[in-house]
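A.B. asks: Predicted structure and sequence below. I'll ask about it afterward.
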Amino acid sequence: MSRIPTIANPQRKTYPSDLSDLEWNLIKPLLPEPKRLGHPIEVDFREILNGVFYVQRSGCQWEMMPHDLPPYTTVYKYFQKWQRRGLWEQMHDKIRQQLQSELGTDE
């Protein structure tokens, strides 16, 4: 199985911080569902996460994100929104629980 992920924009190069297909399949169900009313979501959450992880792994400023990722303002908006809602902590806890269950180290 290749570590190279499938990306929404095939013209962009992959970065070491990009989610693999396996990682994406673990995280995707943990993301919020789109609301039924209002504007439809027009962004690719995988690319949003790739942008967040790029900044976190490289240590660059948001404004210095590569231009082939979504706009830094969009990525940062979702990062802040998910942080306020506690989504990062929830994702971490659920993934940790899944891993502990698979390893048989449940508390």
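C.D. replies: Perfect, I can see it now.
A.B. asks: helix, strand or coil for residue 56?
C.D. replies: Taking DSSP: H, G, I helix; E, B strand; the rest coil as the rule, one finds residue 56 in the helix state.
A.B. asks: who are the neighbours in contact with it?
C.D. replies: residue 17 (CB atoms under 8 Å, 6 or more residues apart in numbering). C-beta here means a position set from N, CA and C on the backbone, and glycine is covered the same way.
A.B. asks: For it, give me the pLDDT.
C.D. replies: If you check residue 56, the pLDDT there is 96.
A.B. asks: what's the answer for the one 10 residues further on, then?
C.D. replies: Looking at residue 66, its pLDDT stands at 94.
A.B. asks: list the contacts for residue 87?
C.D. replies: Listed by CB under 8 Å, 6+ apart, the contact partners of residue 87 are 30, 31, 32.
A.B. asks: Quick one, which of those are buried?
C.D. replies: For these, a burial check counting by 16 or more other CB atoms under 10 Å picks out nothing.
A.B. asks: Of those residues, which is the nearest to residue 51?
C.D. replies: Using CB to CB, residue 31 is the member of the contacts of residue 87 that lies nearest residue 51, at 14.3 Å.
A.B. asks: ok, the contacts of residue 87 vs residue 66, which is closest?
C.D. replies: Of all these, residue 31 has the smallest distance to residue 66: 22.5 Å, by CB to CB.
A.B. asks: how much space between residue 89 and residue 82?
C.D. replies: Separation of residue 89 from residue 82 (CB to CB, to the nearest Å): 10 Å.
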